[in-house]
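*Asks:* Below is the sequence, then the predicted model.
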Amino acid sequence: MYTESSTSRQSISALAEPFAPAARKTRAHHPQAACIAGTSTALAAHRYGQRELAALVAEYLPAGAVRDGAIERLFARVGVDERYLALPVERYRALRGLGERNDAWIEIATDLGESVVRALLEDAGLDASDISLLATTTVTGIAVPSLDARLMNRLPFRPSLKRMPLFGLGCLGGAAGLARVADYLRGAPTEAALLLSVELCSLTFQPHDGSVANIVSTGLFGDGAAAVLLVGAEHPLASRGRGPRVLDTRSAFFPNTERVMGWDVIDTGFRVVLSNQVADVVARHVPAAVDALLAEHGLDRGDVSAWVVHPGGPKVIDAITRSLELDESALEPTRRCLRRVGNLSSSSVLFLLDERRRTPPGDETWGVLMAMGPAFCAEIVLLSW
């Protein structure tokens, strides 16, 4: 029988000491933390002002579906000035059924994805063959073969590339994809991996649906793509980059919230499920999830210098600000991103990450990257510079 001696207890304590919460607060990085070595973003080709889009949507919806001026008022409330769409607006009326919408998604998503990945690799000075894992996330189209496989026929990835297609995570997908790729690199510290998000939300517009949920989502969401290069702790780019590093991640599932957000798949495509309770669910559940992750590292909200938070909409941003007791300025980048391009679903938080990576908060600082999505749930990523 093994009996623990005082010497063995001391040895175990000495080994555990660097990972104790009080000590973690002073450590810059976990030794195996993946490094974010590059980011790239792209918007769809067709730019429209919010007032112009409101007028066009009013023409598309059935006569009498909404009261005069209701669309303009709803579009004005979502905090968006302009957006970029996958197609010219006149083409949306002509789309018939899920098949035509999805064909358009595959064509444009593949082109946009290729563009943003090429730009990222060129900026990082890497070839596609240097990448070991390619993860893709979307919730606005379906492709089999998946988007990552289609890109392998356009870019010189090696045939042994590991692929991780993620579908159905919605706005959560950018944060969750980042977390899962970082998890992978902890076990493959010499490798480089890519995360690609492509969202063409406009292709889900339902022109015969006069519901508030359809109108609000049509006024809120835009189209874009983002890519992130992550490298393991022993990759050459890990020591050259300015970070940040993915120190830890946390998934938070909130039971019995399936109808808060998501899609109903119908003959004409994806019909939005969007409850007016989103902000309340966020305020009720998110603070405890954030605090739990920070506490594991001996941190609290006051230690966080950078909040990289998905722009779910004005009410959601307000709910996060109040429930986490943040300064109003803490989520100003989030509000600014929403105004400029709308909610890009899973790509939005990666757009904000791109901005933060290019203007880092300073050495020895902490950041929280977070997004929420269907289920309802949250993904929280602890960053360090």
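*Replies:* Sure, I can see it.

*Asks:* Going by C-alpha atoms from here, please, whenever you check contacts or count neighbours.
*Replies:* OK.

*Asks:* how much space between Ala54 and Pro62?
*Replies:* 14 Å (C-alpha to C-alpha, to the nearest Å).

*Asks:* These two - which one has more neighbours?
*Replies:* Using other C-alpha atoms under 10 Å as the criterion, Ala54 and Pro62 rank with Ala54 on top: 21 against 13.

*Asks:* Distance check, the more buried one against Ala213.
*Replies:* In terms of C-alpha to C-alpha, Ala54 sits 15 Å off from Ala213.

*Asks:* Leu294 is in what secondary structure piece?
*Replies:* helix 278-295 (DSSP states H and E).

*Asks:* So which bits of that helix are buried?
*Replies:* Val278, Ala279, Val281, Val282, Ala283, His285, Val286, Pro287, Ala289, Val290, Leu293, Leu294 (16 or more other C-alpha atoms under 10 Å).

*Asks:* Save those as a markdown table, and put in distance to Phe253 too.
*Replies:* A markdown table is the format used below for these (distance: C-alpha to C-alpha, whole Å):
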| residue | distance to Phe253 |
| --- | --- |
| Val278 | 14 |
| Ala279 | 16 |
| Val281 | 11 |
| Val282 | 11 |
| Ala283 | 14 |
| His285 | 9 |
| Val286 | 10 |
| Pro287 | 13 |
| Ala289 | 9 |
| Val290 | 13 |
| Leu293 | 14 |
| Leu294 | 17 |
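
*Asks:* out of those, which one sits closest to Asp127?
*Replies:* Leu293 (35.2 Å; C-alpha to C-alpha).

*Asks:* Tell me where this structure has helices.
*Replies:* Along the chain, counting by DSSP state H, helices occupy 6-16, 21-24, 50-60, 70-77, 97-124, 147-152, 173-186, 212-220, 236-240, 278-295, 314-323, 332-341, 348-358.

*Asks:* quick one, what contacts Ile317?
*Replies:* Pro311, Leu331, Thr334, Arg335 (C-alpha atoms under 8 Å, 6 or more residues apart in numbering).

*Asks:* where does it land on pLDDT?
*Replies:* Listed pLDDT for Ile317 reads 98.

*Asks:* Please apply the same query to the one 3 residues further on.
*Replies:* Ile320 carries a pLDDT score of 98 in this model.

*Asks:* Let me see the contact set for it.
*Replies:* Val282, Ala283, Val286.

*Asks:* Apply 7 Å and report the result again.
*Replies:* Neighbour list for Ile320: Val282, Ala283 [criterion: C-alpha atoms under 7 Å, 6 or more residues apart in numbering].

*Asks:* what's the spacing between it and His285?
*Replies:* From Ile320 across to His285, the span is 10 Å (C-alpha to C-alpha).

*Asks:* Show the contacting residues for Leu331.
*Replies:* Leu331 neighbours (C-alpha under 7 Å, 6+ apart): Trp307.

*Asks:* Report how many residues lie close to the nearest residue to Ser348 once chain neighbours are set aside.
*Replies:* Excluding the flanking residues, the one nearest Ser348 by C-alpha to C-alpha, 6 or more residues apart in numbering is His310, at 6.0 Å. Applying other C-alpha under 10 Å, we find 34 residues neighbouring His310.
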